[in-house]
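Student: got a sequence here, can you build the structure:
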Amino acid sequence: MMTSLFSIFEPSSSLLSLNLNWLSTLLGVLFIPIFYWAVPTRWVLLWSKIISMLHKEFKTILGPTNLGLSLMFVSLFSFILFNNALGLLPYIFTSSSHLAMTLTLALPLWLSFILFGWFNHTQHMLAHLVPQGTPGLLMPFMVLIETISNIIRPGTLAIRLAANMIAGHLLLTLLGNMGPMLPMKLLTLLVVAQILLLMLESAVAIIQSYVFAILSTLYASEVN
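Tutor: Below you'll find the model as predicted:
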């Protein structure tokens, strides 16, 4: 039962030992060029407004020396959002529910911020390890705690995104498998519950994309 349940997350389609389902990660990227030549619609204008608001927010967090990082985090938000949203459609592989993808996004970002901070702002990074006003006896413990909290940051970013996407998909699958066994009256209730849960998952897809991007922006702002 558990094997067949979690098999929905396996990249099973393959050709010449290549997992073709991972190509779904690029589907969202293929939609972007349409915005440049298609006649602007309300959805395009709404998306442009959202991107502009996010750019201003990330730019404010990063400060005047953001060096264009705000555009990178806007692109990161868009990439994750496209993958989360596409994963809600039937028969499309959800790549953002795998640690192989989420860690690939989180680990290089975190490592680049840490290396940049320690090489260019060493004193600033050392000061972050000891919060202001910490008693002298507690300083070694605070350094240890802050070091551990910094090390686990990419893991928490990756697991948060993957776990939230997996949880919703599993719940949708479990409820969907109950359909053939229910009478017509309960089946109507199940359909309503599935629609409400799908709306919730749509909100989770947007929220988790924003959380991943904003936390990455906050981590980047700490090394300046």
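Student: residue ranges in the protein under the pLDDT threshold?
Tutor: Low-confidence segments of the chain, defined by pLDDT under 70, are located at 1-22, 33-37, 65, 67, 224.
Student: and if we set it to 50?
Tutor: Residue ranges of the chain with pLDDT under 50: 1-2.
Student: what is the lengthiest helix in it packed up against?
Tutor: For the chain, the helix reaching the highest residue count under DSSP state H is reported as helix 184-221. Applying 3 or more C-beta pairs under 8 Å, 6 or more residues apart in numbering; DSSP states H and E, one finds that helix 184-221 makes contact with helix 42-62, helix 69-86, helix 99-120, helix 153-177. In short, each C-beta sits where N, CA and C put it, glycine included.
Student: tilt between the second one and helix 42-62?
Tutor: Using axes from the mean of the first three to the mean of the last three C-alpha atoms, to 10 degrees, the interaxial angle of helix 69-86 with respect to helix 42-62 works out to 130 degrees.
Student: now do helix 69-86 against helix 153-177, angle only.
Tutor: Per the same axes, to 10 degrees, the angle that helix 69-86 makes with helix 153-177 is 20 degrees.
Student: for helix 69-86, buried residues please.
Tutor: Residues of helix 69-86 classed as buried under the neighbour-count rule (16 or more other C-beta atoms under 10 Å) are 69-70, 72-74, 76-86.
Student: does anything pack onto that helix? Which helices or strands?
Tutor: Helices and strands touching helix 69-86, as assessed by 3+ C-beta pairs under 8 Å, 6+ apart, comprise helix 27-31, helix 42-62, helix 99-120, helix 184-221.
Student: what about the third one, distance to the chain center?
Tutor: Its chain's average C-alpha position is 14 Å from that of helix 99-120, according to C-alpha atoms, centre = their mean, to the nearest Å.
Student: quick one, that helix and helix 153-177 angle?
Tutor: Our comparison of helix 99-120 with helix 153-177, counting by the same axes, to 10 degrees, yields an angle of 160 degrees.
Student: contact partners for Leu187?
Tutor: Counting by C-beta atoms under 8 Å, 6 or more residues apart in numbering, Leu187 touches Gly179.
Student: that one and Leu138, how far apart?
Tutor: For Leu187, the distance to Leu138 under the criterion C-beta to C-beta, to the nearest Å works out to 60 Å.
Student: any idea how many residues pack against Ala162?
Tutor: Using other C-beta atoms under 10 Å, the number of residues around Ala162 comes to 21.
Student: what distance do you get for the residue nearest to it when sequence neighbours are not counted to Asn150?
Tutor: Distances taken as C-beta to C-beta, 6 or more residues apart in numbering put Thr102 closest to Ala162, at 4.9 Å, once the chain neighbours are dropped. If you measure Thr102 against Asn150 using C-beta to C-beta, the figure is 18 Å.
Student: more crowded one of these two?
Tutor: Per other C-beta under 10 Å, whichever of Thr102 and Asn150 has more neighbours is Thr102, with 26 against 18.
Student: ok, back up a step: go through the buried residues of helix 69-86 and name the one nearest Met53.
Tutor: Distance to Met53 across the buried residues of helix 69-86 (C-beta to C-beta) is lowest for Val74, with 9.9 Å.
Student: contacts only, for that closest one.
Tutor: For Val74, counting by C-beta under 8 Å, 6+ apart, the contacting residues are 51, 54-55, 58, 213.
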